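Visitor: Generate coordinates for the sequence data below:
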Amino acid sequence: MAVEYIIPGMLIRDHMVDAPLDWSKPEGETIRIFAREVCDPARRRETLPLLAFLQGGPGGKSPRPSNGGPPWLAEALKTHRVILIDQRGTGRSSRIESATMERFVDGRAAADYLTLFRADSIVADCEHLRKTVFGGVRWQTLGQSYGGFLTLTYLSKAPEGLSACYVTGGLAGLGATADDVYRRTYPRVTERTPPITAATPGMPSASAGSPTISRPMRRGCPMAIASPFAAFRLSASISVWRRVTRTSIGWSMRLSPVPMKTVSPIASSRR
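Guide: Numbering: from 1, shown residues only. You can find the predicted model right below:
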């Protein structure tokens, strides 16, 4: 049963459902998937279109609506009922933590487990939520960064569940490889690093030319971060980084013969 409550400007319903750990073995072990439904309290009884947010990362929980939530949320609530999904392995869904991985006797078993948390399984979870919690109504998706990659998987696996898709900065290249992308990324990182190091006292110099690897652990989010310069360790000033890279590009992909085109994002944050 959903837990319902009101915070300033928002009606919240928290949903928790069981889902198979391995969607190819639906009768096997299960995990929990959490989703938070958000709408304008004044429109709580209206049949509004559903907008499911696909978080970037991978490995991060969906944004929380406290203190107004992300900048685009207030704009989206004018026309939609927004669904904030904690993807499997994150947030209030069944999380992957260090204790989770320590139970495996070898790397192969751990790797096999992690393959059950990829995009195809996340899409299956979304479809499970859509059908069991929201009555099978086709919904729209907003994919941010990795959420855009999830969108492409969703369109491949279950397009019948989608009425529209919006993507912000997360479309995979059609011809370029990962090596091509990184080859073009490193010079741009070289250019953008000095303003960050200059504005952050005590940050290591960005003169190192070879990649550094760090393995931080966020709550519910094991990550391996590769950076070409030490300046991009997790200690980087997020506020400075936002000022350096503060533009957002929005794309809309409608499920119709109309070709994909650029549109204004639901709310382009320029803070």
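Visitor: quick one: buried residues of the longest helix belonging to the chain?
Guide: The helix that spans the most residues within the chain, counting by DSSP state H, is helix 178-199. When burial is assessed from 16 or more other Cβ atoms under 10 Å, helix 178-199 yields the following buried residues: 189, 193, 196, 197. Every C-beta, even on glycine, is put in place using the N, C-alpha and C of the backbone.
Visitor: Would you map the helices across the stretch 101-250 of the chain?
Guide: Listed in chain order, the helices of the stretch 101-250 of the chain (DSSP state H, counting those that start in this stretch) span 107-114, 119-132, 146-157, 178-199, 238-244.
Visitor: Let's have those in JSON lines, adding distance to residue 85 and mean pLDDT.
Guide: As requested, those are exported to JSON lines (distance: least, Cβ to Cβ, whole Å; pLDDT from 0 to 100):
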{"stretch": "helix 107-114", "distance to residue 85": "19", "mean pLDDT": "93"}
{"stretch": "helix 119-132", "distance to residue 85": "7", "mean pLDDT": "97"}
{"stretch": "helix 146-157", "distance to residue 85": "10", "mean pLDDT": "95"}
{"stretch": "helix 178-199", "distance to residue 85": "26", "mean pLDDT": "87"}
{"stretch": "helix 238-244", "distance to residue 85": "24", "mean pLDDT": "29"}
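Visitor: In the stretch 1-150 of the chain, what residue spans correspond to strands?
Guide: Using DSSP state E, counting those that start in this stretch, the strands found in the stretch 1-150 of the chain span residues 3-7, 10-20, 30-39, 50-54, 81-86, 139-144.
Visitor: Show me the one of the ones you listed that comes nearest residue 62.
Guide: Closest to residue 62 of the strands of the stretch 1-150 of the chain is strand 81-86 (Cβ to Cβ; 4.0 Å).
Visitor: Could you list the low-confidence segments of the stretch 1-150 of the chain?
Guide: Scanning the stretch 1-150 of the chain with the threshold set as pLDDT under 70 gives 1.
Visitor: Grab the nearest non-local neighbour of residue 101.
Guide: Using Cβ to Cβ, 6 or more residues apart in numbering and skipping the chain neighbours, the partner closest in space to residue 101 is residue 110 (5.5 Å).
Visitor: try residue 180
Guide: With Cβ to Cβ, 6+ apart, the residue lying closest to residue 180 is residue 173, at 7.6 Å.
Visitor: Count the residues that sit near the one you found.
Guide: Neighbour count for residue 173, taken as other Cβ atoms under 10 Å: 9.
Visitor: Over to residue 148?
Guide: Applying other Cβ under 10 Å, we find 23 residues neighbouring residue 148.
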